[in-house]
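Quick one, fold the following:
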Amino acid sequence: MIPAILETKKTICAAFPLVPLSEEGAGIFGILKSKYQKRFDLKKKALSQNSIDLMLASTAIEIGAILVSNDKIFPKIQKIEPNFQLENWTQ
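Numbers count the residues shown, from 1 in each chain. This next block holds a predicted model:
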């Protein structure tokens, strides 16, 4: 079972390159997180629940990628950051 899972992982990783959060992306993340917190008046606990989504958006902004998602947070991020490109293929 494990070899089959590892082979599947290799296939997926070959088709979709992994992009780590870089130092520049971390800077974008900090700015984006601050903007998001101020715009939606969030407490730290509520904000921390969105950290991964904000990191994904930050990486997409940094590399000029289009993020494809149906997650409800991303249109909100798009309202505060015009360089964030988003597509929802479910609509």
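
can you tell me which helix in the protein is longest?
Ranked by residue count, the top helix of the chain under DSSP state H comes out as helix 23-40.

Can you show me the strands along this protein?
66-68, 85-87 (DSSP state E).

Columns mean pLDDT on top of the ones you listed, output as JSON lines?
Shown next, in JSON lines, are the strands of the chain (pLDDT from 0 to 100):
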{"stretch": "strand 66-68", "mean pLDDT": "96"}
{"stretch": "strand 85-87", "mean pLDDT": "97"}
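
Quick check: which of those strands is nearest to residue 40?
strand 85-87 (16.9 Å; C-beta to C-beta). Any C-beta I mention is one placed from the backbone N, CA and C, and that applies to glycine too.

Strand partners (parallel or antiparallel) of the closest one?
strand 66-68 (parallel) (DSSP bridges).

which residues touch the partner strand?
The contact list for strand 66-68, computed with C-beta atoms under 8 Å, 6 or more residues apart in numbering, reads 56-57, 60, 74, 84-89.

The closest residue to residue 89 other than its chain neighbours: neighbouring residues, count only.
Leaving aside its chain neighbours, residue 89 sits nearest to residue 68 (5.9 Å; criterion: C-beta to C-beta, 6 or more residues apart in numbering). Residues lying near residue 68 (other C-beta atoms under 10 Å) number 13.
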